[in-house]
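Asker: Take this sequence and fold it.
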Amino acid sequence: MTRHFLDIHKTDAAELRAMIDAARAMKTARDGRPRGMPDDDQPLAGRMVALIFEKPSTRTRISFDVGVRQMGGQTMVLSGADMQLGHGETIADTARVLSRYVDLIMIRTFEEATLLEMAEHSDVPVINGLTNRTHPCQIMADVMTYEEHRGPIDGKKVVWSGDGNNVFASFAHAAGQFGFDLTFTGPETLDPEPAWFDWCAAKGHPITVERDPDAAVTGADLVVTDTWVSMHDPQSARERRHNQLRPYQVNEALMARAKPDALFMHCLPAHRDDEATSAVMDGPHSVIFDEAENRLHAQKAILRWCLGV
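Answerer: Numbering: from 1, shown residues only. Alright, predicted model coming up:
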């Protein structure tokens with residue numbers, strides 16, 4: 001059976017935990033090693049991985065490319081302009097063809113339907129590098145980052161401040177799978193999908209909604225935010241979002257409401273002094289660059305899990 005990594009809530013909790021553990025072990029094994037030096041273990045030797053980017057990327061592209069190479073594999077990086085994905089050729093046919101050439105496909109795309117159709121018709125594993133609906137690889141790195149700094153995330157209070165977007169959706173999935181308490185604070189107009197509330201409640205970890213950011217962050221173990229605007233948003237939408245989200249900026253006063261040893265995360269790229277101040281991003285609570293690095297290690301574990309190596 002082909003093992004896809006499509007979303008956190010579609011993957012067994014025990015297997016997610018095993019991936020986090022494997023990621024930490026691989027990171028430890030590389031301690032002090034030059035970035036370009038391959039791992040001692042080469043589980044992807046002789047493997048070819050297609051990295052497809054309909055959406056532009058910095059961290060996703062570099063971390064997957066480096067991760068595959070460190071484990072002995074090779075990559076083929078393709079943009080939307082390089083392919084006829086869903087235009088001159090159906091996604092299903094593209095998946096069937098790619099399956100004859102490569103051992104695994106990672107796709108960063110807009111519509112979730114593109115990801116799902118690719119996985120349905122692919123004979124090789126497919127990894128969700130991001131869609132407009134979810135971002136599971138990022139949150140696997142976030143869980144790893146929290147735990148390497150503060151120990152098990154189970155039972156901790158995680159507060160999301162801002163837009164209930166695709167990154168929040170994967171945090172909701174992680175809350176159900178890893179057992180932490182998730183609070184959303186943001187304007188009602190930017191609430192997360194109702195489906196995620198229902199899913200978390202069914203898992204026994206209902207999401208708390210608190211419109212007052214000061215009340216929401218009180219006693220938090222982890223405070224998380226994301227950019228207020230997408231690169232594809234028109235100017236009018238950007239201004240409207242800024243007006244709605246300004247009260248939810250993560251600043252020093254807000255972080256002071258959290259526990260003294262609380263962590264701050266942002267998946268990057270950030271618009272400094274919009275969703276979070278530079279004082280917070282560069283301050284003692286921030287682990288944003290550890291979080292960025294851990295994309296590499298978490299995704300290496302996901303690649304190995306998908307390929308069973």
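Asker: Could you use CA atoms for every contact and neighbour count after this?
Answerer: Noted.
Asker: For the stretch 101-250 of the chain, just list every one of the strands.
Answerer: Taking DSSP state E, counting those that start in this stretch, the strands of the stretch 101-250 of the chain run over residues 104-108, 126-130, 157-161, 181-185, 208-209, 222-225.
Asker: Make a markdown table out of these and add distance to Leu303 and mean pLDDT.
Answerer: Supplementary listing: the strands of the stretch 101-250 of the chain in a markdown table, determined by distance: least, C-alpha to C-alpha, whole Å; pLDDT from 0 to 100:
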| stretch | distance to Leu303 | mean pLDDT |
| --- | --- | --- |
| strand 104-108 | 8 | 98 |
| strand 126-130 | 8 | 98 |
| strand 157-161 | 27 | 98 |
| strand 181-185 | 28 | 98 |
| strand 208-209 | 33 | 98 |
| strand 222-225 | 26 | 99 |
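Asker: and those strands as a markdown table, adding mean neighbour count and distance to Asp282?
Answerer: Shown next, in a markdown table, are the strands of the stretch 101-250 of the chain (neighbours: other C-alpha atoms under 10 Å; distance: least, C-alpha to C-alpha, whole Å):
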| stretch | mean neighbour count | distance to Asp282 |
| --- | --- | --- |
| strand 104-108 | 25 | 29 |
| strand 126-130 | 26 | 26 |
| strand 157-161 | 26 | 18 |
| strand 181-185 | 24 | 23 |
| strand 208-209 | 16 | 28 |
| strand 222-225 | 24 | 14 |
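Asker: any chance of those in TSV, plus distance to Ala81?
Answerer: As requested, the strands of the stretch 101-250 of the chain are exported to TSV (distance: least, C-alpha to C-alpha, whole Å):
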stretch	distance to Ala81
strand 104-108	14
strand 126-130	18
strand 157-161	35
strand 181-185	37
strand 208-209	41
strand 222-225	31
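Asker: any idea how far Asn251 is from Asp7?
Answerer: Going from Asp7 to Asn251 by C-alpha to C-alpha, to the nearest Å gives 31 Å.
Asker: no wait, Glu89
Answerer: 48 Å.
Asker: Neighbour count: those two, which is higher?
Answerer: Each of Glu89 and Asn251 has its neighbours counted (other C-alpha atoms under 10 Å); Asn251 has more, 17 against 11.
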